[in-house]
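# A predicted structure for the sequence below; I have some questions about it.
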Amino acid sequence: MKLMILRVPFLPAAGMALFPFILVKTQRLKLNKVIINHENIHLRQQLELLVIPFYALYFLNYLLNLLYYMHHDKAYRNIVFEREAYSNERNPEYLKHRTFWSWTSFFAARYQSA
């Protein structure tokens, strides 16, 4: 599948995955392999959850984290989907070997250590 990467200058983040697109803030970011891989991981997560449930779980996880951490950045960084993406964004081979619903292991690890 050919990636559809779109430049959206008013984007609040450097990159964002909105199935089936990857949105980036600047033209230069289209060539950033780390950001593109990070967003590709999110596209895979979205497909696994049939897109709409992904967004619901993402938002719910963020809200629960916000209650727990009382800090936006900590809440965002600890969303299980973000933890998987950040942990593997620098590995260009990750998606080739990733198992189905790998993000669930990040959920379990988060709450075992709490």
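Sure, I can see it. Only a predicted model underlies this, so the values are computations on that prediction, with no experimental measurement involved. Numbering: from 1, shown residues only.
# Mind checking the pLDDT average for the top helix by length along the chain?
If you go by DSSP state H, the chain has its longest helix at helix 52-69. Mean pLDDT, helix 52-69: 97.
# Dump it to PDB, keeping only the CA atoms.
What follows is helix 52-69 as a C-alpha-only set of coordinates in PDB (Å, rounded to 0.1, in the frame of the first residue of the first chain):
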ATOM      1  CA  ILE A  52     -13.100   4.100  15.000                       C
ATOM      2  CA  PRO A  53     -12.600   2.000  18.100                       C
ATOM      3  CA  PHE A  54      -8.900   3.000  18.000                       C
ATOM      4  CA  TYR A  55      -9.800   6.600  18.400                       C
ATOM      5  CA  ALA A  56     -12.200   5.900  21.200                       C
ATOM      6  CA  LEU A  57      -9.600   3.800  23.100                       C
ATOM      7  CA  TYR A  58      -6.900   6.400  22.400                       C
ATOM      8  CA  PHE A  59      -9.000   9.200  23.900                       C
ATOM      9  CA  LEU A  60     -10.200   7.100  26.900                       C
ATOM     10  CA  ASN A  61      -6.600   6.000  27.700                       C
ATOM     11  CA  TYR A  62      -5.500   9.700  27.500                       C
ATOM     12  CA  LEU A  63      -8.300  10.800  29.800                       C
ATOM     13  CA  LEU A  64      -7.500   8.100  32.400                       C
ATOM     14  CA  ASN A  65      -3.800   9.000  32.100                       C
ATOM     15  CA  LEU A  66      -4.700  12.700  32.600                       C
ATOM     16  CA  LEU A  67      -6.500  11.800  35.800                       C
ATOM     17  CA  TYR A  68      -3.600   9.700  37.000                       C
ATOM     18  CA  TYR A  69      -0.700  12.100  36.000                       C
END
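# how far does that helix sit from the chain's center?
12 Å (Cα atoms, centre = their mean, to the nearest Å).
# Which secondary structure elements does it sit against?
Helices and strands touching helix 52-69, by 3 or more Cβ pairs under 8 Å, 6 or more residues apart in numbering; DSSP states H and E, are helix 33-48, helix 72-77, helix 80-88. Heads up, the C-betas are built off the backbone N, CA and C, glycines and all.
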